[in-house]
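Novice: predicted model and sequence below, questions to follow.
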Amino acid sequence: MLAFPLQSIRLSSHCGKISCEQNWKWNRSENPFTDFDLWYVWSGKGGIVLNGLEQKIQRNQCYLFRPGDRINAWHDPDHPLTVTYIHFSLEEQRDALADLPSHHTLAAPFYFEAYLERFVQVVTIKEIHYAEEAELLLNLLLLAFKREGLTIKADVKSKRHKHYAVMNEIAAAIRENPGSTRSISELAEQAYLSPRYFSLQFKEVMGQTIENYIIEKKIERAEYLLRQHGMTVGEVADALGYQNIYYFSKQFKKIKGISPSKV
C-alpha cells in the first residue's frame with residue numbers, strides 16, 4: 001500500500017543534495033513551514049531546535065518537517081553538513097503522515113540512500129515520466145522512514161540480534177534453493193555455531209524452527225511448480241529432494257490442506 005494517494009502529491013522544485021556552506025544556518029522560527037520537507041543528513045555535525053526542542057544533528061538522521069514546524073539549525077564549520085532535502089505538499093489527506101515520527105536515525109540506510117540518490121537524479125534529468133517515478137520514489141522513502149520509526153517505537157530486538165545477518169543469509173539461501181539437501185549441521189557450520197545453538201538462534205530471529213522453515217519453503221516451491229510449470233507430482237517431489245512421493249504428498253497436504261495431485 002502506498003503511503004498516500006499519488007494524485008494528492010505535489011512535488012516542489014525545492015529538492016536536491018547539497019554540501020552546506022561554511023557559514024550555513026537555518027532560521028524558520030518566525031517563518032514556519034508551509035509544506036513538508038524530507039531532510040536527510042549524509043555527513044557532518046550540528047544542532048537543531050525543532051518546535052522548541054534542541055538536539056544534535058548527525059549522520060544518517062532523517063527528519064520529516066511538517067507545515068507549521070518552526071526550526072533553528074546550525075552546523076560545525078569544521079564538519080559541514082551534506083544533506084538531501086525534498087519539499088512536497090499534499091492536496092488532500094494532510095493527516096496521511098500523522099503517524100510518522102518527526103525524526104530518527106536510520107539503522108539501515110543503504111536502500112533509503114539509494115532511493116534518495118535516484119530521486120535527485122530523476123528530478124534533475126527530467127526524463128520521460130520523471131514525475132511519476134519521483135512520486136513513487138517519495139512513497140518508498142516515506143514507507144522506509146515509517147518502517148524504521150515503527151521498529152524503534154516497538155523496540156524490535158531481532159535487528160539488533162548478533163546473529164541477525166547470518167540467519168537471514170541462511171534463510172535467503174533456503175528460499176532460493178529449497179531443494180537443497182544441506183543438513184542442519186551443515187547450515188550450523190556456515191553460521192559457526194553448534195547445531196543445537198544454531199536451531200535456537202534461527203527460531204529466535206526468524207520466528208519458527210529451521211525444520212519448519214525448510215519444509216514451508218519446499219512446499220511453497222512445490223505448489224508453484226505444480227501450478228505454473230506443469231510438472232507432475234513425482235517430478236516435483238524429485239526436484240525438491242524427496243525420495244518418497246508419499247511422504248511429500250503427506251507434507252504438502254498438511255501445509256496446504258489439499259493433495260498435490262489436486263493442484
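Specialist: Nice, I can see it.
Novice: quick one, longest helix in the protein?
Specialist: helix 130-154 (DSSP state H).
Novice: what packs against it?
Specialist: Secondary-structure packing of helix 130-154 (3 or more Cβ pairs under 8 Å, 6 or more residues apart in numbering; DSSP states H and E): strand 9-19, strand 36-43, strand 61-65, strand 82-90, strand 103-105, helix 110-125. Backbone N, C-alpha and C define where each C-beta goes, glycine included.
Novice: now do the longest one: distance to the chain's middle.
Specialist: In other words, helix 110-125. 15 Å (Cα atoms, centre = their mean, to the nearest Å).
Novice: contact partners of that helix?
Specialist: With Cβ atoms under 8 Å, 6 or more residues apart in numbering as the contact definition, helix 110-125 has outside contacts at 11, 15-17, 40, 42, 62, 84, 86, 106, 130, 133-134, 137-138, 140-141, 144-145.
Novice: please report phi then psi for residue 254.
Specialist: phi -60, psi -40 (degrees, to the nearest 10).
Novice: that one: how many residues sit nearby?
Specialist: A count of nearby residues for residue 254, using other Cβ atoms under 10 Å, gives 10.
Novice: same check, this time on residue 225
Specialist: Neighbours of residue 225 (other Cβ under 10 Å): 20.
Novice: whichever strand or helix holds it - contacts with which helices or strands?
Specialist: Following DSSP states H and E, one finds residue 225 within helix 210-228. Helix 210-228 is packed against helix 164-176, helix 184-190, helix 195-206, helix 233-239, helix 245-256, with contacts defined by 3+ Cβ pairs under 8 Å, 6+ apart.
Novice: quick one, it and helix 195-206 angle?
Specialist: Calculated by axes from the mean of the first three to the mean of the last three Cα atoms, to 10 degrees, helix 210-228 forms an angle of 60 degrees with helix 195-206.
Novice: hmm, which helix or strand of the chain has the shakiest average pLDDT?
Specialist: Every helix and strand of the chain was ranked by mean pLDDT, DSSP states H and E. The lowest is helix 130-154, at a mean of 82.
Novice: which outside residues touch it?
Specialist: By Cβ under 8 Å, 6+ apart, helix 130-154 touches 2-4, 6, 9, 11, 38, 62, 64, 86, 88, 97, 99-101, 104, 106-108, 111-112, 115-116, 118-119, 122-123, 159.
Novice: name the residues of it that are buried.
Specialist: 133-142, 144-146, 148-149, 151 (16 or more other Cβ atoms under 10 Å).
Novice: in those, find the pair that's most separated.
Specialist: 133 and 151 (26.8 Å; Cβ to Cβ).
Novice: show me what contacts residue 241?
Specialist: Counted by Cβ under 8 Å, 6+ apart, residue 241 has contacts 179-181, 218.
Novice: out of those, which end up buried?
Specialist: Buried among these by 16+ other Cβ under 10 Å: 180, 218.
Novice: quick one: which of the contacts of residue 241 is nearest residue 80?
Specialist: residue 180 (50.5 Å).
Novice: using the three-state scheme, assign the closest one.
Specialist: coil (DSSP: H, G, I helix; E, B strand; the rest coil).
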